[in-house]
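**Student:** have a look at this fold, sequence not included:
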Ligand code: ADP
Ligand code: ZN
């Protein structure tokens, strides 16, 4: 067996051996299999090749199965026992530098995930698999021939070939040479046979990063607020000390322009920047903004092929790329001279990965910024309360941009009380009269309209008229949604599908009533109400094809579409000056979720979608349909008043010990059988409680109870939440680690996960 050890890092960098008993070893982490770090002897023949950040092949276990592992460190040890030897080295170049390795070790501790699993998620698969790399052959003239060239007889074709090869020695392949001299490869082959030409083989990246031609643009003259923000960021850059700045700028205040001009300064100094945006914002608009201002931008989005991703990675690592713009995982981009990290829309939950390893890009950005001693800029019109709180206690520097550029006013927002609506008119369409009139007005004046409805499908509530049974997914604890085009019901969690029933399958006689409102139904109603205007629906159903998102937005920009309706994918980041009206069809969809962030999410969504209007010369208006016009989140959004929202929400968080005032750890147990899941979650909760007591920690346990969505994909779900003050965070993680060890081998029907600082509560 190898030697199991604790995590350590680069204690020893010098690799010359002084003592006779000393041996040089590589510390190896496996992506699958054992979670511990193992030591392997580095045989003399591999001395030069083995280094941290490369993958190597080593024998593991009694059967000496060949396993691939990451070398994370080299260490001299005084050998006391026989260690196994490394078999071979897989990578020619290192996949990760030492700082990145250090980061992965930290992530493993922070997010309670096996180190190997972290490494696998940090290095993209395309890079590991060397996607897009081919072996290429290049021609050169042999030395031998150079000595005796006068003796050889050559045909004119061969002479031409030799002239060309002499000129581009080692840079042209046989095919390329043949093509250029206009012959087959036959003369080349005969020259090779005669020992006049020879080839060298090189492994090369053949995949290319697609470059879109973008018209370059000049700088905008910054407003005083923008200038101040940029200056403060650059001051932090020059101070060479890590600092986090929270840029709170209302929608349309020109945050992106601030990032761009700050980054230009960094690029001039020969450094690079990473800009993280939510995946949904990686629209052509964002790409264009950066590509129009920098020579070399890498845009990392989820539609890249493995080889494109690999090509980007190499370009980035070589220092050729000035700015990396990408979603969550772009925080792992291997930029060699990091100068600044920007996290735009920092409040977005999508910065947290919802599968293992469950990391939050903001926390990693913070770690990298500290490691490199560079500033981190968090930007948002609706900052997370976590970041806002840190700014308010001085941990972050607050930068405010309370005004839109060119002093456009923020749009006027008013509510439509749906309670009154339904009282007055009985059940009716999705558009209240007030919104209908406002739409008519806006369209008559040639403005464009955005409508937000955060539910897709046609009918969202399908129920038996007689027995009251709601048609739900057999595998999930979720009501099914009716989709018109397919004439089927589908589950939005597991994609289960079934024909739309006419008669109740429960009581076998009642008629089924279809109700509830999704974007599909809204679209039909809009087409009826506004037959002379074009509308377009954007939701995951209509945006399945790659490129459809871009296409839809381009149509809207060109004015081919008057009314854009859709789910939250239309709520964020879009900048269309001709939008004069935004309608929120139902602001309450997220308000009553069993999630302590439900008010925050509602405030964010309404504020963000409201921010899509009034960006041009004309004023913008927003109408918010709601059953709870008096809810503080809605009231604050109506006034564009983030501080007012924070002032009402923070005390509530404090009272209950929720973030940012406390630490939260969520444990979710899943099982095929309800009983097993329940028993195991009780057992696990007991363990946490006992360990916490042993350490004298004061924690609050919520649950275990069935999760709000009690079943997904046939698995029963239970959860509990551990709450503690911030000082207890590390101790709580330690208990989490020990629980992971203690409950490693359990009934295979039961799985469990632990989520540190969860964003997802359902
Ligand atoms: P935010 O991200 O804060 O919502 P944007 O960066 O999208 O704001 O900027 C809103 C619009 O204002 C964009 O069209 C942008 O090009 C424009 N803009 C930004 N700064 C300036 C400026 N200083 N002068 C003129 N236009 C600007
Ligand atoms: Zn389902």
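**Tutor:** Now that the structure is in, tell me what you want to look at. Being a predicted model, the structure only gives us computed values, none of them experimental. Ligands and ions are numbered 1, 2, ... in the order given.
**Student:** from residue 700, how far off is residue 160?
**Tutor:** Relative to residue 700, residue 160 is positioned 83 Å away (CB to CB, to the nearest Å). For glycine as for every other residue, the C-beta is placed from the backbone atoms N, C-alpha and C.
**Student:** the two: who's more crowded?
**Tutor:** residue 160 (17 against 14; other CB atoms under 10 Å).
**Student:** excluding chain neighbours, what is closest to the more buried one?
**Tutor:** In space, and not counting its chain neighbours, residue 160 is closest to residue 181: 4.6 Å by CB to CB, 6 or more residues apart in numbering.
**Student:** how much space between the one you found and residue 158?
**Tutor:** As judged by CB to CB, residue 181 and residue 158 stand 9 Å apart.
**Student:** which residues are in contact with each of the two?
**Tutor:** Contact criterion CB atoms under 8 Å, 6 or more residues apart in numbering; residues shared by residue 181 and residue 158: residue 187.
**Student:** low-confidence ranges, the stretch 501-650 of the chain, go.
**Tutor:** Within the stretch 501-650 of the chain, the set of residues satisfying pLDDT under 70 is empty.
**Student:** do the same with the stretch 301-450 of the chain
**Tutor:** Using pLDDT under 70, the stretch 301-450 of the chain drops low at 424-428.
**Student:** which parts of it are strands?
**Tutor:** 323-326, 338-344, 376-380, 397-401, 412-417, 448-452 (DSSP state E, counting those that start in this stretch).
**Student:** what pairs with the fifth one, parallel or antiparallel?
**Tutor:** Take DSSP bridges as the rule and strand 412-417 pairs in its sheet with strand 621-626 (parallel).
**Student:** if you compare the directions of the partner strand and strand 448-452, what angle comes out?
**Tutor:** Put simply, strand 621-626 runs at 20 degrees to strand 448-452, going by axes from the mean of the first three to the mean of the last three CA atoms, to 10 degrees.
**Student:** check the offset of strand 621-626 from the chain's centre.
**Tutor:** From the chain centre to the centre of strand 621-626 is a distance of 30 Å (CA atoms, centre = their mean, to the nearest Å).
**Student:** mind listing what's buried along it?
**Tutor:** Neighbour counts over strand 621-626 (16 or more other CB atoms under 10 Å) mark 621, 622, 623, 624, 625, 626 as buried.
**Student:** how about the residues you listed, which pair is most distant?
**Tutor:** 621 and 626 (16.0 Å; CB to CB).
**Student:** which strands or helices does the longest helix anywhere in the chain pack on?
**Tutor:** Taking DSSP state H as the criterion, the chain has its longest helix at helix 674-694. Counting contacts by 3 or more CB pairs under 8 Å, 6 or more residues apart in numbering; DSSP states H and E, helix 674-694 packs against strand 662-671, strand 700-712, strand 715-725, helix 729-742, strand 750-756.
**Student:** quick check on residue 73: phi, psi?
**Tutor:** In terms of degrees, to the nearest 10, the main-chain angles of residue 73 are phi -170, psi 160.
**Student:** that one: neighbouring residues, count only.
**Tutor:** 25.
**Student:** how close does it sit to ligand 1?
**Tutor:** Distance of residue 73 to ligand 1, computed by CB to the nearest ligand atom, to the nearest Å: 42 Å.
**Student:** what are the buried residues along the strand or helix carrying residue 522?
**Tutor:** Assigned by DSSP states H and E, residue 522 belongs to helix 519-529. Buried residues in helix 519-529, counting neighbours by 16+ other CB under 10 Å, are found at 519, 520, 521, 522, 523, 524, 525, 526, 529.
**Student:** and what of stretch 434-454?
**Tutor:** Buried residues in stretch 434-454, counted by 16+ other CB under 10 Å: 434-435, 438-439, 442-443, 447-454.
**Student:** what do you get for stretch 153-160?
**Tutor:** 157, 158, 160.
**Student:** for the record, mean pLDDT for it?
**Tutor:** Throughout stretch 153-160, pLDDT has a mean value of 86.
**Student:** what do you get for stretch 184-193?
**Tutor:** Per-residue pLDDT values over stretch 184-193 give a mean of 89.
**Student:** so how far is it off the chain centroid?
**Tutor:** Distance, centroid of stretch 184-193 to centroid of chain: 51 Å (CA atoms, centre = their mean).
**Student:** same thing with stretch 587-605?
**Tutor:** 22 Å.
**Student:** OK, now which residue of the stretch 451-600 of the chain is nearest to ligand 1?
**Tutor:** For the stretch 451-600 of the chain and ligand 1, the shortest gap (CB to the nearest ligand atom) falls at residue 575, measuring 4.6 Å.
**Student:** tell me the SS of that residue?
**Tutor:** coil (DSSP: H, G, I helix; E, B strand; the rest coil).
**Student:** just residue 747 next, same as before
**Tutor:** coil.
**Student:** in contact with the residue in the stretch 551-700 of the chain that ligand 2 sits nearest to, which residues?
**Tutor:** Of all residues in the stretch 551-700 of the chain, residue 670 sits closest to ligand 2, at 14.0 Å by CB to the ion. Counting by CB under 8 Å, 6+ apart, residue 670 touches 677, 712, 715, 716, 717, 750, 751, 752.
**Student:** looking at the strands of the stretch 301-450 of the chain, which is closest to ligand 2?
**Tutor:** Per CB to the ion, nearest to ligand 2 of those: strand 448-452, 25.3 Å.
**Student:** from the contact counts, what lies against the closest one?
**Tutor:** helix 433-444, strand 563-566, strand 579-584, helix 598-610.
**Student:** how about 6 Å then?
**Tutor:** Packed against strand 448-452, as judged by 3 or more CB pairs under 6 Å, 6 or more residues apart in numbering; DSSP states H and E, are the following elements: strand 563-566, strand 579-584.
**Student:** next one: it to chain centre, how far?
**Tutor:** That offset, for strand 448-452, works out to 27 Å (CA atoms, centre = their mean).
**Student:** sheet partners, orientation included, of that strand?
**Tutor:** strand 563-566 (parallel), strand 579-584 (parallel).
**Student:** report the angle between the axes of the longest one and helix 433-444?
**Tutor:** Compare the direction of strand 579-584 with that of helix 433-444 by the same axes, to 10 degrees and you get 160 degrees.
**Student:** ok, the residue nearest to residue 160 to residue 107 distance?
**Tutor:** Distance from residue 181 to residue 107, by CB to CB: 55 Å.
**Student:** looking at the two, which one has more neighbours?
**Tutor:** More neighbours surround residue 107 than the other of residue 181 and residue 107, with 23 against 20 (other CB under 10 Å).
**Student:** helix or strand: which one has that one?
**Tutor:** Assigned by DSSP H and E, residue 107 belongs to helix 98-110.
**Student:** now swap in residue 659 and tell me
**Tutor:** Residue 659 belongs to no helix or strand, assigned by DSSP H and E.
**Student:** fine by me, thanks again.
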